[in-house]
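**Student:** Provided below are the primary sequence and the corresponding predicted coordinates.
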Amino acid sequence: MISVDPASFLTAAGLSAASPAEILTVAYDFARSGRAADSQALYDYVGGLRPTKQMRAYWPLALTAGEEGEEWATPALKRADLHINYLQEPEAAAILDSITAPELRAHVFTGYARLALAQNAANDALTFAEQACTLSPASSYTAIIRGAALLAAGRAQDAIPVLTAAADAGRAGAYFLLGLAWQRLQRPAEAANAYSKGYAFDPEDFGPANNLLAALLESRNYQAAAAHADEVLRRRPGHTSSMAYKYLALGELGYASDMTALADPALLERETLPVPAGYKDRAAFHRALAQEISAEPTLAYQRNTTRFGYQTDDVGFASTPAIKALNAALSAVVERRAAAARECPSHPFHHAAPAAFRLYSWGVILREKGYQAPHFHPHGWLSGVYYIEVPNDITETDPARAGWIEFGRGDERWNQKTTAMPVSQLRPEEGLAVTFPSFFWHSTRPLQTDKTRISFAFDVIPLDA
């Protein structure tokens with residue numbers, strides 16, 4: 001038995017700096033080894049924390065601090081729920097498998113449904129959720145999971161009455177899913193109404209906060225979108241999605257000077273990186289980079305915003321020598337920019353400069369007609385691109401500026417076609433690194449060559465948010 005409070009116990013166990021997921025791993029191991037009281041102390045500690053940014057990013061239904069819903073009806077269910085929320089699926093499954101009480105079968109099936117959703121097995125999730133609802137038809141918990149499963153299965157229309165009932169029963173997270181359902185049915189006004197209700201329940205939940213911005217833009221309610229962005233920015237200065245969507249709203253409202261102040265061109269920087277040690281010259285370094293990117297197992301056609309081209313998954317932790325050297329060089333650029341931002345925070349972007357970060361990076365190979373669709377990077381603080389191979393017919397004199405990177409043009413979903421957004425373009429050069437705030441909308445002009453264009457893009461993911 002322990003005789004100290006959980007916080008002191010964490011310090012004594014060397015876990016005071018551990019993440020909630022790491023603490024849950026220790027708690028699970030304690031339970032398996034017979035240290036029931038120690039295990040319970042750790043579970044109780046994590047259960048009393050406010051859901052983390054990671055938790056909310058993956059599951060909008062996470063309980064808030066101190067809340068005890070049906071999913072926490074017993075200690076075992078609470079433990080399973082915490083493991084699901086922190087993406088520890090094997091531990092959650094093992095706990096659910098151990099629960100045999102007939103009166104808890106509905107909650108067990110609901111847990112299985114959530115695990116299936118986490119594994120993108122929508123049909124399995126729906127089967128489990130419907131079993132749960134049959135056993136417990138009055139439960140708002142089983143209803144909201146069934147609604148999520150219907151959404152995952154592509155049945156947005158069927159999900160709406162289920163999620164509406166769950167929301168009416170007090171399940172705040174149902175409003176987020178209800179908003180998703182209305183968006184998929186291309187009903188942005190109804191989506192905005194649902195997100196607004198979800199945001200009112202918990203203004204610190206940035207799931208509905210972000211999606212409300214998009215829904216307001218789709219509804220052409222630009223004044224409300226700009227006002228909501230300002231409200232979120234008051235709560236979290238430098239919030240990436242809010243600045244990106246506010247920029248578009250300002251454009252539709254005709255506030256040109258405000259747009260320029262927000263997307264300040266001075267925040268975009270360009271520099272030629274030195275050749276890392278161990279390479280004869282830049283050409284040798286770039287040959288090695290091109291070979292490593294081409295051989296990357298995750299390289300896939302038309303991933304994310306890449307059109308008519310190939311993109312890798314995250315290679316931020318790659319061990320191949322050239323990519324590893326480039327990640328290190330780009331990290332040094334980021335550290336310099338973050339230090340400068342913290343020293344002189346003259347823009348909302350600067351206020352979000354991270355003290356700790358990780359580099360999420362990926363390679364892109366474009367060929368004829370290849371381009372990047374307009375986008376921004378919602379999870380980043382700073383983003384950038386390094387050019388490895390640039391066809392010699394991407395020239396300064398090309399009137400179409402094929403292959404150039406472009407800033408300022410948003411996705412057509414958010415803008416009226418008659419609105420002229422200010423656009424700037426930059427010609428890529430081999431060895432050039434371009435860095436810019438992650439909220440900057442950017443794209444590339446389609447290639448008009450049969451030659452290959454290879455670049456290396458990255459996001460700075462804050463670890464101290």
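**Tutor:** Looks like it came in fine.
**Student:** and Ala73, how many neighbours?
**Tutor:** Other residues within reach of Ala73, judged by other C-beta atoms under 10 Å, total 15. C-beta: built from backbone N, CA, C; applies to glycine.
**Student:** List the residues that contact it.
**Tutor:** 104, 107 (C-beta atoms under 8 Å, 6 or more residues apart in numbering).
**Student:** next one: the one 5 residues further on
**Tutor:** With contacts taken as C-beta under 8 Å, 6+ apart, Lys78 has the following neighbours: 43, 47, 71-72.
**Student:** Going by secondary structure, Trp362 is in what exactly?
**Tutor:** According to DSSP states H and E, Trp362 maps onto strand 357-372.
**Student:** Let's see the helix or strand following that strand as CSV, backbone CA atoms only.
**Tutor:** Following strand 357-372 in sequence order, the next helix or strand is strand 382-389 (DSSP H and E). Output in CSV follows, covering the C-alpha atoms of strand 382-389 (Å, rounded to 0.1, in the frame of the first residue of the first chain):
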residue,chain,number,x,y,z
LEU,A,382,6.7,26.7,-38.7
SER,A,383,6.8,24.9,-42.0
GLY,A,384,9.2,24.9,-44.8
VAL,A,385,10.7,23.3,-47.9
TYR,A,386,14.2,22.5,-49.1
TYR,A,387,14.8,22.0,-52.9
ILE,A,388,16.8,19.0,-54.0
GLU,A,389,16.2,18.7,-57.7
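**Student:** just checking, what packs against strand 382-389?
**Tutor:** In terms of contacts (3 or more C-beta pairs under 8 Å, 6 or more residues apart in numbering; DSSP states H and E), strand 382-389 is packed against helix 282-295, helix 321-343, strand 432-437, strand 453-462.
**Student:** what's near enough to touch the nearest residue to Ala192 once chain neighbours are set aside?
**Tutor:** Of all residues not flanking Ala192 in the chain, Ala215 sits nearest, at 3.8 Å (C-beta to C-beta, 6 or more residues apart in numbering). Residues near Ala215 by C-beta under 8 Å, 6+ apart: 179, 182-183, 188-189, 191-192, 195.
**Student:** got it, and Asp314?
**Tutor:** Residues near Asp314 by C-beta under 8 Å, 6+ apart: 298, 360-362.
**Student:** farthest pair in those residues?
**Tutor:** For those, the maximum inter-member distance is 12.9 Å, found between Thr298 and Tyr360 (C-beta to C-beta).
**Student:** count of residues packed around the residue nearest to Thr272 when sequence neighbours are not counted?
**Tutor:** Closest residue to Thr272 apart from its sequence neighbours, by C-beta to C-beta, 6+ apart: Gly431 at 5.0 Å. Close neighbours of Gly431, defined as other C-beta under 10 Å, add up to 17.
**Student:** out of the contacts of Ala215, which are inside helices?
**Tutor:** Among the contacts of Ala215, the residues falling in helices (DSSP state H) are 179, 182-183, 188-189, 191-192, 195.
**Student:** neighbour-wise, which of these leads?
**Tutor:** Going by other C-beta under 10 Å, Gly179 tops the ones in helices among the contacts of Ala215 with 30 neighbours.
**Student:** just checking, that one touches Ala191?
**Tutor:** Yes: the pair Gly179 / Ala191 is scored as a contact, 4.5 Å apart, by C-beta atoms under 8 Å.
**Student:** Between the two, which contacts overlap?
**Tutor:** Common neighbours of Gly179 and Ala191, using C-beta under 8 Å, 6+ apart, are 211, 215.
**Student:** follow-up on the earlier one: filter the contacts of Lys78 to the buried ones?
**Tutor:** When the contacts of Lys78 are checked for burial by 16 or more other C-beta atoms under 10 Å, the buried set is 43, 47, 71-72.
**Student:** Look at Thr298 and Tyr360 and report which has more neighbours.
**Tutor:** A direct count of neighbours by other C-beta under 10 Å for Thr298 and Tyr360 places Tyr360 higher, at 19 against 12.
**Student:** quick one: the residue nearest to the more buried one when sequence neighbours are not counted from Ala332, how far?
**Tutor:** Distances taken as C-beta to C-beta, 6+ apart put Asp459 closest to Tyr360, at 4.6 Å, once the chain neighbours are dropped. Distance, Asp459 to Ala332, using C-beta to C-beta, to the nearest Å: 16 Å.
**Student:** for Gln183, same thing?
**Tutor:** For Gln183 relative to Ala332 (C-beta to C-beta), the value is 40 Å.
**Student:** How about Tyr310?
**Tutor:** Noted for Tyr310: a distance of 27 Å to Ala332, by C-beta to C-beta.
**Student:** got the contact list for the nearest residue to Gly384 once chain neighbours are set aside?
**Tutor:** Leaving aside its chain neighbours, Gly384 sits nearest to Thr435 (3.8 Å; criterion: C-beta to C-beta, 6+ apart). Residues in contact with Thr435 (C-beta under 8 Å, 6+ apart) are 268-270, 333-334, 337, 382-384.
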